[in-house]
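1. Predicted model and sequence below, questions to follow.
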Amino acid sequence: MSKSVTIRVPEELHAQLQERAETEGTTVTALITEAARNAVRDPRLDSAAEVFRKFVADNADAFDAAFPDDAPARLDAAETPGRAA
């Protein structure tokens, strides 16, 4: 069940929210709800995700060498020597 909350925002911000919602095919309510979720998310998740991304980036070539049939095509393959295209 959801709870209704009333907030006041400046007209300019509301217009920006409406524009973004239309661009993304969503609603102002959905944008604000996502922002609220992000505001209460555990900040450790962000740092953990960054550690994981760094690990993957640092070890991608080793994984590709160990499992060549499973190496993914990469958009940046032209920029990264040794990576499958």
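-> The structure has been received and is ready for your questions.

2. quick one: low-confidence parts of this structure?
-> 74-85 (pLDDT under 70).

3. switch to 80 and redo it
-> Within the chain, the segments meeting pLDDT under 80 span 43, 45-46, 73-85.

4. And what about A15, helix, strand or coil?
-> helix (DSSP: H, G, I helix; E, B strand; the rest coil).

5. cool, and I7?
-> Quick answer, by three-state DSSP: I7 is coil.

6. who's in contact with it?
-> I32 (CB atoms under 8 Å, 6 or more residues apart in numbering). Where C-beta positions appear, they are placed from N, C-alpha and C, glycine not excepted.

7. What separation is there between it and V40?
-> From I7 across to V40, the span is 15 Å (CB to CB, to the nearest Å).

8. S47 now?
-> 16 Å.

9. more neighbours, those two?
-> Under the criterion of other CB atoms under 10 Å, the comparison of S47 against V40 puts S47 first, with 10 against 6.

10. what helix or strand does the more buried one sit in?
-> Here S47 is covered by helix 43-66, with elements defined by DSSP states H and E.

11. T26 now?
-> Per DSSP H and E, there is no helix or strand for T26.

12. same thing with E19?
-> helix 11-24.

13. Identify the residues contacting that helix?
-> V9, T27, V28, A30, L31, I32.

14. What sits closest to A21 if chain neighbours are left out?
-> V28 (5.0 Å; CB to CB, 6 or more residues apart in numbering).

15. can you give me phi and psi for the one you found?
-> Phi and psi for V28, reported as degrees, to the nearest 10, are phi -60, psi -40.

16. and it, what is it in contact with?
-> V28 touches H14, L17, Q18, A21, counting by CB under 8 Å, 6+ apart.

17. Run a quick neighbour tally on the residue nearest to D64 when sequence neighbours are not counted.
-> Counting by CB to CB, 6+ apart, D64 lies nearest to A71, which is 3.9 Å off, once chain neighbours are set aside. Residues near A71, counting by other CB under 10 Å, number 18.

18. isn't A71 right next to D61, touching?
-> No - using CB atoms under 8 Å, A71 is not in contact with D61, being 9.4 Å away.
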